[in-house]
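Asker: requesting a structural model of the entry that follows:
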Amino acid sequence: MGEPLDTKSDELVAGKYRLLRMIGQGGMGSVWEGEHVSLGTKVAVKFIEHELAQSAEARDRFDKEARAAARLQSRYVVGVHDHGVMPDGRPFIVMEFLRGQTLEERAVACGRMDLVEVAQIMSQVARGLFKAHELGIVHRDLKPENIFLTESPDDDETVAKIVDFGIAKFTEGTPLAMSSSTRTGTILGTPVYMSPEQARGLRDIDHRSDLWALGVVVYRCVVGQLPFQGQAVGDIVVNICTKDAVAPTQLVPSLPAAFDAWFRHCVAREREDRFRSVKELAASLLFVAGVVSHPDQAFPASSALSGPMGVVEGQTVPSHETLENAATQMGTASSVSTKRRSVGVLGAAIALLGALAVVAGLVGWRWYSSPSTADVVVASPPAASEVSDVEPRV
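Answerer: Here you go, the predicted model:
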């Protein structure tokens, strides 16, 4: 793997971080292992390429990523130590150095992961994501590649950390809100994990879009395949907006029937029908997996598990009794397919196909596998292609 022409080993960043070796490179930039020159501690330094740094929008998103992660200050979010601009104009972010593997790598190695293990990982992710949602930050690109399983400094436990806030949305009226350059119709994210409202390019997405994505992440890990697939990006978007996923127990009969109901709540096409918050989602999953005897035991130190930005008026909240009795309520797979569909969603999904002509197939931060339709980011014409991909293994 060659070094980028504008970044060199032994280069000094911010006068105190020396670059040691490049550990990741993609279409958007590179990530380097670094060392604090006086303390000797390891860090990871992320750059965007010099040419891309000329884009005000790219610089803005890079700055938002640094500010979002730094503001969160959570054990379950990758830590940011510093950020700035090199003398030649290259923006950089100095992050904590992580040892371990992504959730995607774990899932690939396992084929299908145990539901209990996934539920426990999601309970950690929920803590970090809930804090983000409280601050009005919607991640918009949650996927197994952006959940990093790292070893603690004492090697006595594995900690799940959320990475890559590069396309995060800051909700208006919250402390980190800023003017948005994302126009209606612009699609940001990874299609197979997008909610219908995100796939349609709507601007008013909120934290419930992240809840949909987590439901898809869990399905992918415990079932071993994605719930919404397609040969092309357009196929994926139409399936997300109009098709029902195969019930998990149809593919893995050993899963509890209540897991089918849990997943349906995550991927309800009407946002009001989803879980109210990520903690409620994670607590219910722990309950379904048998980790806790009642969802209220999952986060005993927290307050009510309502949505961080307020519960939408008239919102229906899935009861835990519904999950517990899902075996009798679910019925057959054919009954699932009769769930109501919105004609407006269908029309929007079909119309959206015309906007998928611009496909940014470039790789953002990935280097350990080749891109696929699962990793494509698309943008509506005539906007420039916007790329988002996995946070590097650092």
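
Asker: please identify the buried residues of the helix ranked longest in the chain?
Answerer: The single longest helix within the chain, with elements called by DSSP state H, is helix 115-134. Buried positions in helix 115-134, judged by neighbour count with 16 or more other C-beta atoms under 10 Å: 115, 117-133. (Each C-beta comes from the backbone N, C-alpha and C, glycine too.)

Asker: for stretch 216-231, same thing?
Answerer: Applying 16+ other C-beta under 10 Å to stretch 216-231 flags 216, 217, 218, 219, 220, 221, 222, 223, 226, 227, 228, 230 as buried.

Asker: how far does it stretch from start to finish?
Answerer: 18 Å (C-alpha to C-alpha, to the nearest Å).

Asker: what mean pLDDT does it get?
Answerer: Taken as a whole, stretch 216-231 has a mean pLDDT of 96.

Asker: got CSV for the buried residues of stretch 216-231, with secondary structure too?
Answerer: Shown next, in CSV, are these (DSSP: H, G, I helix; E, B strand; the rest coil):
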residue, secondary structure
216, helix
217, helix
218, helix
219, helix
220, helix
221, helix
222, helix
223, helix
226, coil
227, coil
228, coil
230, coil
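
Asker: what's the most distant pair in these?
Answerer: 222 and 230 (21.3 Å; C-beta to C-beta).

Asker: pLDDT-wise, which helix or strand of the protein ranks last?
Answerer: Using mean pLDDT, DSSP states H and E, the weakest-scoring helix or strand in the chain turns out to be strand 359-360, at a mean of 34.

Asker: the residue nearest to the spatial centre of the chain and residue 252, how far apart?
Answerer: The centroid of the chain falls nearest to residue 142 when counting by C-alpha atoms, centre = their mean (0.8 Å). For residue 142, the distance to residue 252 equals 22 Å [C-beta to C-beta, to the nearest Å].

Asker: same check on residue 22?
Answerer: From residue 22 to residue 252 the distance is 40 Å (C-beta to C-beta).

Asker: if you count what's nearby, which of the two comes out ahead?
Answerer: A side-by-side neighbour count of residue 22 and residue 252, using other C-beta atoms under 10 Å, places residue 22 first with 21 against 15.

Asker: residue 8 versus the more buried one, what's the distance?
Answerer: 10 Å.

Asker: helix, strand or coil for residue 65?
Answerer: Per three-state DSSP, residue 65 ends up helix.

Asker: oops, could you answer that again for residue 10 instead?
Answerer: Going by three-state DSSP: residue 10 is coil.

Asker: wait, it touches residue 18, no?
Answerer: Yes. At 6.4 Å, residue 10 counts as touching residue 18 under the criterion of C-beta atoms under 8 Å.

Asker: so for those two, which residue has more residues nearby?
Answerer: Using other C-beta under 10 Å as the criterion, residue 10 and residue 18 rank with residue 18 on top: 16 against 8.

Asker: does the more buried one really touch residue 39, like I thought?
Answerer: No. With contacts counted by C-beta under 8 Å, residue 18 stays clear of residue 39, the gap being 11.4 Å.

Asker: spit out the contact partners of residue 107.
Answerer: If you count contacts by C-beta atoms under 8 Å, 6 or more residues apart in numbering, residue 107 has them with 113, 144, 220, 221, 224.

Asker: would you list every one of the strands in the stretch 101-250 of the chain?
Answerer: Using DSSP state E, counting those that start in this stretch, the strands of the stretch 101-250 of the chain run over residues 137-138, 147-151, 158-162, 169-170.

Asker: could I get those strands as JSON lines with mean pLDDT?
Answerer: Below are the strands of the stretch 101-250 of the chain laid out as JSON lines (pLDDT from 0 to 100):
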{"stretch": "strand 137-138", "mean pLDDT": "94"}
{"stretch": "strand 147-151", "mean pLDDT": "94"}
{"stretch": "strand 158-162", "mean pLDDT": "95"}
{"stretch": "strand 169-170", "mean pLDDT": "88"}
